[in-house]
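In: Please work out how this folds:
(one chain, ligands or ions: 2)
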Amino acid sequence: MLDKAKKLLASIHSGDVKSLARALTIVENDLAGADDILKSLHPQQTPVIGVTGPPGAGKSTLLNSLLGNLAKKGKRIAILAVDPTSPFSFGSLLGDRIRMKDQFNHPNIFIRSLATRGALGGLSGKTIEMTDVLKAAHFDFIFVETVGVGQSEVEIAGLADLTMVVLVPESGDEIQHIKSGLMEIADVFIVNKSDRPDAQLFTIGLNKLIREKHQQIKVFNTVADKGTGVLELADEILAFKPHAGLKKIELLTQKAWQLIQHYRMRDIQKNKLQQKITEAYHPHFNIYQFIETFMRSS
Ligand SMILES: Nc1nc2c(ncn2[C@@H]2O[C@H](COP(=O)(O)OP(=O)(O)O)[C@@H](O)[C@H]2O)c(=O)[nH]1
Ligand SMILES: [Mg+2]
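Out: Ligands and ions are numbered 1, 2, ... in the order given. Below is the predicted model of the structure:
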């Protein structure tokens, strides 16, 4: 089995896209051989760029334009689009295909969509692992697009070397409502839809908030569907150097934390849980005692 995984990784390494797609499917669905693939990986330093923000902010449109720029410069790029708004990846795949239509057939660009399978926002259970598989291929950059709801921004910050938060200008006082958590995870803010009348005011307010919080976050203004401001963003990405030292260790800790959470939950099935609760239930049912017994027996 281990030999099979190593062979698959060797063909991914030599640039075979079909092998890459197959390995991703095995890992995504936890099929036989998934563990062998993950344990045989030889981690590369490919920068992972997280793109998060509310639904409809223009993340996919922006990526489409950005990737066009980077591909023109000869860069090879992978995108993992995680879309919790669609429980079936088909819908999101189609949506992203349409929005990223310019880049869909470009030889330097590899696009993969995945649904979050019932997770409320956030990363799909296998996003981290799939990103690591992508690192086995020779990409210059790996982009991960996630919808920013709930915990997902924090999760993406643990996965990505560079986190870009896409915002849309709203009325001036809305800026106060930017979740303070976003300030902690964003490396770059992108004010997209800067063709809106409130854009300038919003950007001024955002910069003020960043200064008040003593953060050093760059702010870019873009009009994604027109490609405005995208060149500057592409330059920022091209100049990016992956972290070393403490920041890297922090990121790895965040990543290990999430993986351990996933692994601990792996053997726990909800239907089995429900069945056990049905069996154990009585009017004075104590859920804490139940959980302790359940965990010991599973
Ligand atoms: N006016 C305007 N519309 C935009 C801009 N960028 C994207 N859109 C539109 O906003 C909608 C949502 O874009 P999409 O990329 O799917 O957003 P996502 O959910 O964040 O990926 C689409 O109809 C885009 O055409 C922009 O800069 N200005
Ligand atoms: Mg999208």
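
In: only C-alpha atoms for contact and neighbour calcs from this point on.
Out: Will do.

In: Next to ligand 1, which bits of the stretch 1-150 of the chain? Give me the list.
Out: 55, 56, 57, 58, 59, 60, 61 (C-alpha under 6 Å from any ligand atom).

In: in the chain, what spans have low per-residue confidence?
Out: Under the criterion pLDDT under 70, the flagged ranges of the chain are 83-105, 115-125, 149-154, 171-180, 298.

In: domain ranges for it?
Out: According to automatic domain parsing, the chain comprises the domains 1-41, 43-244, 267-297.

In: And the first one, how far out from the chain middle?
Out: On the basis of C-alpha atoms, centre = their mean, to the nearest Å, the separation between the geometric centre of domain 1-41 and that of its chain is 20 Å.

In: okay, how far is it across it, tip to tip?
Out: End-to-end distance of domain 1-41 (C-alpha to C-alpha, to the nearest Å): 14 Å.

In: start at 10 instead
Out: Shifting the count to begin at 10 puts that one at domain 10-50.

In: Okay, buried residues for stretch 69-81 please.
Out: Within stretch 69-81, the residues that qualify as buried are 69, 70, 71, 72, 73, 74, 75, 76, 77, 78, 79, 80, counting by 16 or more other C-alpha atoms under 10 Å.

In: Also stretch 296-307?
Out: In stretch 296-307, counting by 16+ other C-alpha under 10 Å, buried: nothing.

In: what's in contact with it?
Out: Identification of contacts with stretch 296-307 by C-alpha atoms under 8 Å, 6 or more residues apart in numbering yields 276, 277, 289.

In: And the closest residue to the last one other than its chain neighbours, which helix or strand is it part of?
Out: Across the structure, with C-alpha to C-alpha, 6 or more residues apart in numbering as the measure, the residue nearest residue 289 apart from its sequence neighbours is residue 299 (7.9 Å). Per DSSP states H and E: residue 299 is located in helix 296-306.

In: what do you get for residue 51?
Out: For residue 51, there is no host helix or strand (DSSP H and E).

In: what distance separates the helix or strand hosting residue 72 from the middle of the whole chain?
Out: In this structure, residue 72 sits in helix 68-81 according to DSSP H and E. The chain centre lies 16 Å from the centre of helix 68-81; the measure is C-alpha atoms, centre = their mean.

In: What helices and strands are in contact with that helix?
Out: Packing partners of helix 68-81 (3 or more C-alpha pairs under 8 Å, 6 or more residues apart in numbering; DSSP states H and E): strand 57-62, helix 98-108, helix 239-247.

In: between it and helix 239-247, how many degrees?
Out: Relative orientation of helix 68-81 versus helix 239-247 (axes from the mean of the first three to the mean of the last three C-alpha atoms, to 10 degrees): 70 degrees.

In: check contacts around the residue nearest to residue 29 when sequence neighbours are not counted.
Out: Distance criterion C-alpha to C-alpha, 6+ apart; nearest residue to residue 29, sequence neighbours excluded, is residue 21 at 5.3 Å. By C-alpha under 8 Å, 6+ apart, the contact set of residue 21 is 28, 29, 145, 146.

In: All the helices of this protein, in order from the start?
Out: Secondary structure of the chain (DSSP state H): helices at 11-22, 26-37, 43-49, 68-81, 98-108, 136-143, 161-168, 189-194, 208-221, 239-247, 254-274, 279-289, 296-306.
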